[in-house]
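K.L.:
Give me the fold of what follows.
(chains A and B)
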Amino acid sequence: MSVSDQIMKGLLDGAILALIAEGETYGYQITEKLKEKQFPDISEGSIYPVLLRLSKKGYVLTRMVKSETGGPKRKYYSISDKGKEELDIFRDKWAKLNHGMSNLLGGGKNA
Amino acid sequence: MLSKKSERFLKEFRIEMMTRGKNEEYRDELEEELRDHLTMAEQNGTSLESVTGGSVKNYLKTLSSEIPETNDLKRNLVLLFVFLIGMFTIPSLIGGSFDYTLAMLFYYICTALLGPILFYTAVKFIFIRYTSLQTEKIDKMGIFLCVIYAVFYMGMLSGGLYLAKNYPLYELFELSTQINMTIGLILLGAFIMVTILMKKWFYAFLITAISLPDVISRLFINNDPTSGNYLMVSSILVIIVNILVFAVLIFYSKKEDKNTSN
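P.N.:
Numbers count the residues shown, from 1 in each chain, chains lettered A, B, ... in the order given. As a prediction, this is how the structure comes out:
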């Protein structure tokens, strides 16, 4: 896995957690929101390993809802208190990282 | 309504998870979730490939480490192969016809190595083509193929044993029939104890039933396994045991059907 792929993998967990924090949502809607917000290089199916991981760590709560139109059941995700704490940590780290990387890469470009 | 291609993907995905022993609750939820996603994606013109990449194995690889496994499948597979080896070893040890030859050693190595691969390939082939996704039950054609496969597999085991016995290659060592019988009885006792401790009553019953003709013949009829009396009594007992095993199998299958219909 290349360096940029590893960065994307790490960031996707935080991005999805932030989306879930906006309100209860489900898999397909998460991919649509990621596209809307122009999150780059994301294949739709790659959100499910992340959702499983977030769920296993207790950052999100899940519930299965039966479809009223006879379609498949839908799994809804909402953020837990532990997830909110983790998201705060992620936001703080991202702000620092973003600042540092902008200085580094921006400086390199100007040199 | 999902496309046939996506339905097939989901079916193979579920079976791949089953054959890898993934937790049932996770299997159900993940399959429902993907079904929901694919339904929405297809309605909006997105292909299966752009959601999952198209390959069941590669997609499952990305999820595998996050899905817990149950030990049941692996435990049952190990037990099945230990049972198969026990079935071909214990009665012949008790009967005194066990050979310690190079060919027999090859036979056991091949059974242990090829057995799981053949079993896995056949089970996957039959499950993917002949299992209902909703009920997880195999249809009639699938059951027919299971029977054909079981006959073919047992034929291979018996054929291999026949070849190993008739072409020994090299005799490693020889033990007296008395020592063979003692080893056989110890192994039988150990096997029964382990299966009972694991609450696998059927395996305990089956190995006892298979070994019983030789045990009775050796202990009560004649000490010479090649004598006419011995062969006659053990053959009659084998027939009785076979009838008993089938009766027990039919009884349990009827009982299970009754429980399912209730």
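
K.L.:
isn't there a helix covering A:L12?
P.N.:
Yes: counting by DSSP: H, G, I helix; E, B strand; the rest coil, A:L12 is found in a helix.

K.L.:
excluding its backbone neighbours, what's nearest it?
P.N.:
Nearest non-adjacent residue to A:L12, counting by Cβ to Cβ, 6 or more residues apart in numbering or on different chains: A:V50, 5.5 Å away. Every residue, glycine included, has its C-beta placed from N, CA and C.

K.L.:
Hmm, A:L11 and the one you found touching each other?
P.N.:
No: with contact defined as Cβ atoms under 8 Å, A:V50 does not count as touching A:L11 (10.4 Å).

K.L.:
Relative to B:Y108, how far out is the residue nearest to A:L12?
P.N.:
Distance of A:V50 to B:Y108, given as Cβ to Cβ, to the nearest Å: 46 Å.

K.L.:
The residue nearest to A:L12 - how many residues pack around it?
P.N.:
19 (other Cβ atoms under 10 Å in any protein chain shown).

K.L.:
Which residues are in contact with it?
P.N.:
By Cβ atoms under 8 Å, 6 or more residues apart in numbering or on different chains, A:V50 lies in contact with A:L12, A:D13, A:I16.

K.L.:
List the contacts of the first one.
P.N.:
For A:L12, the contact set (Cβ under 8 Å, 6+ apart) comprises A:F39, A:I42, A:S46, A:I47, A:V50.

K.L.:
what about the strand or helix carrying the last one, distance to the chain center?
P.N.:
Spelled out, it's A:V50. For A:V50, the host element (DSSP states H and E) is helix A:47-56. Helix A:47-56 has its C-alpha centroid displaced from the chain centroid by 9 Å (Cα atoms, centre = their mean, to the nearest Å).

K.L.:
How about stretch B:119-134?
P.N.:
For stretch B:119-134, the distance from its own C-alpha centre to the chain's C-alpha centre is 14 Å (Cα atoms, centre = their mean).

K.L.:
Could you pull out the buried residues of it?
P.N.:
Buried residues in stretch B:119-134, defined by neighbour count with 16 or more other Cβ atoms under 10 Å in any protein chain shown: B:F119, B:A122, B:V123, B:I126, B:F127, B:I128, B:Y130, B:T131.

K.L.:
Check the gap between the residue positioned nearest the centre of chain A and chain B for me.
P.N.:
The centre of chain A sits closest to A:I16, judged by Cα atoms, centre = their mean, with a distance of 1.7 Å. Counting by Cβ to the nearest Cβ, to the nearest Å, the gap from A:I16 to chain B is 13 Å.

K.L.:
for A:Y26, same thing?
P.N.:
7 Å.

K.L.:
Which parts of chain A are strands?
P.N.:
For chain A, the strands defined by DSSP state E cover A:25-26, A:60-65, A:74-79.

K.L.:
Up against chain B, what does chain A have?
P.N.:
A:26-28, A:31, A:43-46, A:48-49, A:52-53, A:56, A:62, A:64, A:71-75 (Cβ under 8 Å from any Cβ of the partner chain).

K.L.:
For residue 80, which non-adjacent residue is spatially closest?
P.N.:
I'll assume chain A. Once flanking residues are discounted, A:S80 sits nearest to A:L61: 5.2 Å by Cβ to Cβ, 6+ apart.

K.L.:
my question was about chain B
P.N.:
B:F119 (7.6 Å).

K.L.:
which SSE is that neighbour in?
P.N.:
Here B:F119 is assigned to helix B:102-130, by DSSP H and E.

K.L.:
And B:T182, by the same measure?
P.N.:
Per DSSP H and E: helix B:177-197 holds B:T182.

K.L.:
Following that helix in sequence, what is the next regular element?
P.N.:
helix B:201-216.

K.L.:
If you count neighbours, what's buried in that next one?
P.N.:
Buried residues in helix B:201-216 (16+ other Cβ under 10 Å): B:203-215.

K.L.:
Would you mind giving these as TSV with distance to B:L60 and pLDDT added?
P.N.:
Formatted as TSV, the buried residues of helix B:201-216 follow (distance: Cβ to Cβ, whole Å; pLDDT from 0 to 100):
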residue	distance to B:L60	pLDDT
B:Y203	31	80
B:A204	36	83
B:F205	37	80
B:L206	34	80
B:I207	36	82
B:T208	40	82
B:A209	40	78
B:I210	38	78
B:S211	41	81
B:L212	45	77
B:P213	46	74
B:D214	46	76
B:V215	47	79
